[in-house]
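Student: Quick one, what's the 3D model for this:
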Amino acid sequence: MHFNHQFISRKFSSLRQTEVSSLSINSKIKTLVQQGKHSQALELYSKTPRSPITTKFTFPSLLKACASLSNLHHGRTIHASIVTMGLHSDPFIATSLISMYMKCGLLKSALRVFDKMSEGGESGDSAPPDITVWNSVIDGYFKYGHFEEGLAQFCRMQGLGIRPDGYSLSIVLGICDQLSWYMALAGRQIHGYIIRNMFEGDPYLETALIGMYSSCSRPEQAWSLFGKLENRSNIVAWNVMIKGFVENGMWEKSLELYSLAKSESCKLVSVSFTGTFTACSHGGVLDFGRQVHCDTIKVNFQDDPYVSSAILTMYAKSGLVEDAKKVFYQVSCKEVELWNAMVSAYIGNGHAYDALRLYNRMKEGEIPVDSFTISSLLSGCGVVGLYDFGRTVHAEIIKRSMQSNVAIQSSLLTMYCKCRSTEYADSVFRTMKERDVVAWGAMISGFCQNSRFKDALYLFRAMETEGVKADSDVTASVINAGLGLENAELGRLIHGFTIKRGLEKDVFVACSLIDMYSKFGFAESAEMVFSYMPNKNLVAWNSMISCYSRNGLPEMSISLLPHILKHGFYLDSVSITTVLVAVSSVAALLKGKAVHAYQMRLQIPLDLQVKNALIDMYVKCGCMKYAELIFEDMARRNIVTWNSIIAGYGSHGNYKKAVRLFEEMKKLETSPDEVTFLALITSCSHSGMVEEGLKLFRSMRIEYGIEPRMEHYTSIVDLLGRTGRLDDAYRFIQDGMAIEADRSVWLCLLFACQAHRNTELGELAAENLLKMEPARGSNYVPLMNLYGEVEMWDRAANLRATMKERGLKKSPGCSWIELKNRVDVFFSGDSSSPRRIDIYETLSSLKSHMEGKGCSYEEIELC
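Tutor: Just a heads-up that it's a prediction; the model follows:
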């Protein structure tokens, strides 16, 4: 037999070159992925013949690149190559495929890969899924909000004899914060399982347990576990504890823990700094944040992508955009995380156009844009209503083949809804092949934001029909839909649904229920929901304070303050604002001062809303001096600030000061609104400045184009009535009002008639008043008093008889006094005060003293 040795030699040489070329390309692909150059890795793969170049060791790197870019097109192509080469049962590749589909938002595709692998294992054609694959699937279920299905897979895995490892247990521990009802049982059961199965001492699981208790509003138990750690050098545990304190509103403890870690010479890592910067952001502790910034420079962490992003975010949340920009431009090698942080910083501070310019710079510099960048941009477009630019970003998404990413699609839905384009949002929603609970939630929430409450409920029913179970966000939106429809019965039915699904104890859902019952006027139902909450956070306490205040129970609002502090929470700006509103309604000055002192002592940042509430509180408590000091100290003022201080001076009879402030406000180019003019006209009324008040009323319509509301008309009637111009007031009601007079207008005229003893006009006002509300007892009282003033006793008696015949009663008058640490409320004819005996004894003593001095007095009835 004759061999062509030259031919064979060339063949072997060719094969060796191919092998070398294959190894070189595979190595390059892996290196590019490791360096985060995912686009280049996929481009190199695309330009290379499929076989036999790519080895099974390269596919996980390629799939990782696809996942990072949310590039489903390449992902599916690579999946096809894997199947062709018979590598789909390889556990490492299968895990990578599942992870890729999960990150691209295709849960069903990931599950198909898993199911095929499971079928092959059962038939013996291939190895069954190992613990790594099971972990990927369980983790995927949880990431998309399918908690019960994920737990079912966790149980199924154990039923098949596959013992969970530390990572499996940590995954399950990680969802306990999503299901507070589940945490109480399963979280502790897993803790017990860890102890029974000798997992104790595993630093990974110990850290997961600390994280679980922290995220489930159990910082005390987390701290107890942290204190028992044998290995105090485990910086991961320190980092989780720092983060846990922040999540539970205990940012001061986070900062203390950071300082303690430094003093114990723990080796701080990037997460240590990011958690601490987050604590500084939450507490508004900029000085401490700057010190930590210096620490990062000392240990050369300032260029770390995560640390620099956290520093930038801290400055941005403090409103220091220029400082944030300095951090951004000082980093020489900017990762995509830093670009994203700067985009978010611009958007968060209202600089949406700067964010869009930065995005264009990213494209010009070929910075890889990821799903977070796109989501941030879409968020910015939604905030400022940049519909056209949002459409441009949408086109960019399609161009980059990112339209299948569920997170991006959800951001698109939110953007279109915020731009009032629910039709486009609905169009995007209907084209989604896979809709997770986030996507459904975004669409339901969007309908609610656009007052399409019935559509929101219809979509909710469709979601349930498709087997997607509502999470806390969706449930809260559905509760808001019931509230929007002003249907209390529907609200109760939704409450029943939350109980059936075990969501009523979720903090977010419970707060929405409290808010719903509060706005429907059912304070007792709100109180019941609150009492059943196992883990009350500060938001829940704030909701309850607001509920009591809204429903005329300010004393109950104020009484909650010591309970909040007793539970270890620190008041935030929302708590302070809400309590100050309650304080204002009862003019409890000492309580208001105590809240103000608490804020100053703990250095709680005063936002504009809190300062406005403080001004309003001091005005209503009669302390114009304090209100003025706060006003003068404000660097930034909005229309609410000006209205509060103008109304304050007006109600205290200082018309000139009120008008001077109005002129100052106009010079600073702050446009007045209807409340401003109401405050000014009321000020004129209290000061007897009739012509000035009428002039302001006319300028409101002519110069500022503000249409008067009923309150403005009532104020004009009061203005004319106080000075005795009753005929002018009546003519104004007849000819000067663009809308029909309501009860408040006629009642105001009637009171003026009583004050000036004008029986004829008083009877006319009363007649109109009683036509509107004949069954309201308080409507008869001013006329009865008028008859008494002019000594028409027979008419007064007839009117009283009419009231008695119809079973009408006047609501008793009410007054209150603040003494030391309590507010005592008194009603006319009521003798139920706990200090009744002391009060009557004091009255009796005063009467005797007056008699002894020979003073004239009216008879005092003690009963």
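Student: what's the burial count for V640?
Tutor: Neighbour count of V640, defined by other C-beta atoms under 10 Å: 17. (C-beta placed from N, C-alpha, C; glycine too.)
Student: Let me know the pLDDT of it.
Tutor: On pLDDT, V640 comes in at 90.
Student: State the phi and psi torsions of it.
Tutor: Main-chain dihedrals, V640, degrees, to the nearest 10: phi -60, psi -40.
Student: If we ignore the residues flanking it in sequence, what's nearest it?
Tutor: Spatially, and ignoring its direct neighbours in sequence, V640 is nearest to N612 (4.9 Å; C-beta to C-beta, 6 or more residues apart in numbering).
Student: give the contact list for that neighbour.
Tutor: Residues near N612 by C-beta atoms under 8 Å, 6 or more residues apart in numbering: N638, V640, T641, S644.
Student: redo that, cut-off 6 Å
Tutor: V640, T641, S644 (C-beta atoms under 6 Å, 6 or more residues apart in numbering).
Student: Mind telling me what element it is part of?
Tutor: Taking DSSP states H and E as the definition, one finds N612 inside helix 608-620.
Student: Show me which residues of the helix or strand following that helix are buried.
Tutor: The helix or strand immediately downstream of helix 608-620 is helix 624-633, counting by DSSP H and E. Within helix 624-633, the residues that count as buried by 16 or more other C-beta atoms under 10 Å are M624, Y626, A627, E628, I630, F631.
Student: can you check stretch 379-390 too?
Tutor: In stretch 379-390, the ones that count as buried by 16+ other C-beta under 10 Å are S379, G380, C381, G382, V383, V384, L386, Y387, F389, G390.
Student: and the fourth one, what helix or strand is that in?
Tutor: In the assignment (DSSP H and E), G382 maps to helix 371-384.
Student: packing partners for the following helix or strand past that helix?
Tutor: Where DSSP H and E defines the elements, the next helix or strand beyond helix 371-384 is helix 387-399. Counting by 3 or more C-beta pairs under 6 Å, 6 or more residues apart in numbering; DSSP states H and E, the packing neighbours recorded for helix 387-399 are helix 371-384.
Student: so how far is the helix it packs on from its chain's centroid?
Tutor: Distance, stretch centre to chain centre, for helix 371-384: 18 Å (C-alpha atoms, centre = their mean, to the nearest Å).
Student: Now do it against helix 387-399: the angle between them, please.
Tutor: 160 degrees (axes from the mean of the first three to the mean of the last three C-alpha atoms, to 10 degrees).
Student: Give me the mean pLDDT for helix 371-384.
Tutor: Per-residue pLDDT values over helix 371-384 give a mean of 79.
Student: helices or strands next to that helix in the packing?
Tutor: Contacts defined by 3+ C-beta pairs under 6 Å, 6+ apart place helix 371-384 against helix 336-348, helix 352-364, helix 387-399, helix 406-418.
Student: hang on, the earlier thing: of all the buried residues of helix 624-633, which two lie farthest apart?
Tutor: Within these, two members stand farthest from each other by C-beta to C-beta: M624 and I630, at 10.8 Å.
Student: which stretches of the stretch 51-200 of the chain have low pLDDT?
Tutor: Judged by pLDDT under 70, the stretch 51-200 of the chain has its weakly predicted residues at 51-54, 120-127, 176-189, 191-200.
Student: before we move on, what about the stretch 301-450 of the chain?
Tutor: Within the stretch 301-450 of the chain, the stretches with pLDDT under 70 are 403.
Student: What does C216 show for phi and psi?
Tutor: The phi/psi pair for C216 (degrees, to the nearest 10) reads phi -100, psi 30.
Student: Start the count at 442 instead of 1 going forward.
Tutor: From this message on, residue numbering opens at 442, which makes the last subject C657.
Student: How many residues are close by it?
Tutor: A total of 25 residues lie near C657 under the criterion other C-beta under 10 Å.
Student: repeat for F729
Tutor: 19.
Student: For Y486, see how far away it is.
Tutor: 48 Å (C-beta to C-beta, to the nearest Å).
Student: Helix or strand for the residue nearest the centre of the chain, just tell me which one.
Tutor: Nearest to the geometric centre of the chain sits V980, at 9.1 Å (C-alpha atoms, centre = their mean). Here V980, judged by DSSP H and E, is contained in helix 979-991.
Student: just checking, what packs against that helix?
Tutor: By 3+ C-beta pairs under 6 Å, 6+ apart, helix 979-991 packs against helix 948-961, helix 964-972, helix 995-1007, helix 1014-1027.
Student: between it and helix 948-961, how many degrees?
Tutor: Interaxial angle, helix 979-991 versus helix 948-961 (the same axes, to 10 degrees): 0 degrees.
Student: outside of helix 979-991, which residues touch it?
Tutor: Everything outside helix 979-991 that qualifies as a contact, by C-beta under 6 Å, 6+ apart, is 690, 948, 952, 955-956, 959, 964, 967, 971, 974, 997-998, 1001, 1005, 1010, 1015-1016, 1019, 1022-1023.
Student: taking the mean pLDDT, what do you get for that helix?
Tutor: Mean pLDDT, helix 979-991: 90.
Student: Distance from that helix to the middle of the chain?
Tutor: Between the centre of helix 979-991 and the centre of its host chain there is 14 Å, according to C-alpha atoms, centre = their mean.
Student: and the angle for it with helix 995-1007?
Tutor: Interaxial angle of helix 979-991 relative to helix 995-1007 (the same axes, to 10 degrees): 160 degrees.
Student: Would you map the strands across the chain?
Tutor: Counting by DSSP state E, one finds strands in the chain at the ranges 1255-1260, 1263-1268.
Student: Give me the distance between L646 and R673.
Tutor: Distance from L646 to R673, counting by C-beta to C-beta: 17 Å.
Student: Could you check which of those two is surrounded by more residues?
Tutor: Neighbour count, other C-beta under 10 Å: between L646 and R673, L646 has more, with 20 against 13.
Student: Could you measure from that one over to S658?
Tutor: L646 sits 21 Å away from S658, going by C-beta to C-beta.
Student: ditto for R553
Tutor: For R553 relative to S658 (C-beta to C-beta), the value is 38 Å.
Student: ok, those two, which is more surrounded?
Tutor: Between R553 and S658, counted using other C-beta under 10 Å, the more crowded position is S658 (20 against 14).
Student: surely M543 meets A551?
Tutor: Yes: contact criterion C-beta atoms under 6 Å: M543 and A551 qualify, at 5.0 Å.
Student: any shared contact partners between these two?
Tutor: Taking C-beta under 6 Å, 6+ apart as the criterion, M543 and A551 both touch G581.
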